[in-house]
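Asks: Coordinates only, no sequence provided:
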């Protein structure tokens, strides 16, 4: 039987720390989240499945390339501008002497992916930079992870509803932990327009979700929220990190990320569209041994499930916002207002 | 509103023809299916998402490579041995003068993917060859497509239940047609082990599925069928073809295939595992214009749905088999036996 870890978040993978930072300027609705690997680094992979991605340092994750460990992953708002947050994380890691060793110093390896939230707080140019990456680094803890409208989830919207960042973890019967942290910003909807229920809710563990009861009125309200939402290319994007304490190589991490996308498919509809740059990273800390084939199968199946559950938590943890850039209710609020 | 096409299958895309052939030897439970493009060929792409694929002529589908049209796609049983069926299709196409023109003749472009069904009829060496590809070519019609335990679906099993090949189509409000033909052979289950319901059924059009009513007993029966099923690497694999009459280039076809995999994620769980070589092709006949961005978005969303619906039809059209190699009940039979 699969159960959640202690925090039901990505810090249930020992050694993983997470920090958030927000852009505090007036008119801002954006932020950055950093997922820190243990100081020695972690194996990592990526699967870029959406059609409009914004990424940095993903090519080195190709199993054919040299670097075999990352030191942090940055998820952030601000579209391509927000990639600068990784620089701030690199600066902090360099100061700590953490990175890929080269003559004269270290080069911290910090892949990053961004989502589109430009202008949602009213100002198009209020977005995360290096200072926000550094602030997220400074705020990093071993959990529990704050979820909802925070960090990379600050400006996130999904299907016209305010969304955010969410997490979930699974402890497999053999003790292996797999977890996900996902900032949900999608053209598609997390809720079934016919029933009002969250697509991903059926993947929850027993009693996991404190869910308002949907109904026909909820379906209509959810559909109305989506109807107000007009997507354009590159204006969405769901991004996240999966983590496990199993030993996986770079190719194995990429495969784990691939499985996470099945969780997105089950919790967001549609997803991976021309207007989404959906990107999932996966890191393996390797404190447990490499799984044999049946254990790998179980790990993969669980990875899809934790991704779907993390999406549900992102949606349920969100609260509505009202800014000069727009007004978005959360799923909970839409149901409570009925 | 989205409705099904005339046949609710892939031949609703004008110009597409489909033929099946079975291996008739004693101890055989395998076959081959060919999807024929219009004689001038069709743009095509592929997304190989499973970890244990068996394919032929997929590298040329990379948008960076030269050939820009395929003349047929072969889906078949027989694992890597069954790739030979494509040779028989090539021979027929060459005889008809259909192919990529080169000095002295033509080279028919026939990508193929196979699923694992070796030994399911009792004989490991009874599998499709070139003659079965030729027979499938000779049997090809403009529809309706025979579904269930036929062609590439002959030896297919999903989650311990007898499966087969199935199809579905969607006509978008603007008249664009998108359709799928999928042979469902998965380690994972098409049915929810907790409820007995088919995962993909929720994606059906109004009244599309003539579904037995599941219940707790159905869930137990489905779980029992899965329990008898012991997967090994490379012993499963779901394969299929999506088709549309829209104009898409090779990259656009690959993206359409990617969307189809979301339909697999919604209708099979788990899917894309280490034991599945899940591969979807997509072809675009181009009789309608290239979609603008909103139309492309609608086409992509519909592609995921038709793939999920085709999986449901594959499962519902299947009938149980009892061979020297094993015994598999179909989903309908499991529910009817309760």
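Replies: Now that the structure is in, tell me what you want to look at. Just so it is clear, the model here is predicted, and its values are computed rather than measured.
Asks: Report the spatially closest residue to residue A:223, excluding sequence-adjacent ones.
Replies: Spatial nearest neighbour of residue A:223, chain neighbours left out: residue A:193 (4.6 Å); criterion: Cβ to Cβ, 6 or more residues apart in numbering or on different chains. From N, CA and C alone the C-beta is placed, and that goes for glycine too.
Asks: So that neighbour lies in a strand, does it not?
Replies: No. Applying DSSP: H, G, I helix; E, B strand; the rest coil, one finds residue A:193 to be coil, outside a strand.
Asks: Break down the stretch 101-250 of chain A into its helices, ranges please.
Replies: Applying DSSP state H, counting those that start in this stretch to the stretch 101-250 of chain A gives helices spanning A:130-139, A:216-227, A:250-267.
Asks: related to what we said a few turns ago, report the separation between the residue nearest to residue A:223 and residue B:174.
Replies: 20 Å (Cβ to Cβ, to the nearest Å).
Asks: try residue A:134
Replies: 49 Å.
Asks: Compare those two (neighbour count), which wins?
Replies: Counted by other Cβ atoms under 10 Å in any protein chain shown, residue A:134 and residue B:174 do not tie: residue A:134 has more neighbours, with 22 against 13.
Asks: Now stretch A:314-325: buried residues?
Replies: Within stretch A:314-325, the residues that qualify as buried are A:314-318, A:320-321, A:323, A:325, counting by 16 or more other Cβ atoms under 10 Å in any protein chain shown.
Asks: Any chance of those in CSV with secondary structure as columns?
Replies: Below are those laid out as CSV (three-state DSSP):
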residue, secondary structure
A:314, helix
A:315, helix
A:316, helix
A:317, helix
A:318, coil
A:320, coil
A:321, strand
A:323, strand
A:325, coil
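Asks: Max pairwise distance over those: which two?
Replies: A:316 and A:325 (23.3 Å; Cβ to Cβ).
Asks: from the chain's centre, how far out does the helix-or-strand element of chain A with minimal mean pLDDT sit?
Replies: Here the helix or strand of chain A ranked lowest by mean pLDDT, DSSP states H and E is helix A:216-227, holding a mean of 83. Averaging C-alpha positions (Cα atoms, centre = their mean, to the nearest Å) puts helix A:216-227 25 Å from its chain's average.
Asks: mind listing what's buried in it?
Replies: Those would be A:218-219, A:221-223, A:225-226, for helix A:216-227 by 16+ other Cβ under 10 Å.
Asks: What of stretch A:94-101?
Replies: Buried residues in stretch A:94-101 (16+ other Cβ under 10 Å): A:98-100.
Asks: Of those, which is the nearest to chain B?
Replies: residue A:100 (28.5 Å; Cβ to the nearest Cβ).
Asks: Could you give the bridge partners of residue A:323?
Replies: With DSSP bridges applied, residue A:323 shows beta-bridge pairing to residue A:326.
Asks: wait, doesn't it sit right on residue A:126?
Replies: No. Counting by Cβ atoms under 8 Å, residue A:323 stays clear of residue A:126, with 10.5 Å between them.
Asks: what residues do these two have in common as contacts?
Replies: Common contacts of residue A:323 and residue A:126, defined by Cβ atoms under 8 Å, 6 or more residues apart in numbering or on different chains, comprise A:27, A:29.
Asks: got a list of what the residue nearest the centre of chain A touches?
Replies: Computing the C-alpha centroid of chain A and ranking residues by Cα atoms, centre = their mean puts residue A:182 first, at 2.1 Å. For residue A:182, the contact set (Cβ under 8 Å, 6+ apart) comprises A:165-167, A:238-241, A:264, A:280, A:307, A:310-311, A:314.
Asks: That concludes my questions; thank you for your assistance.
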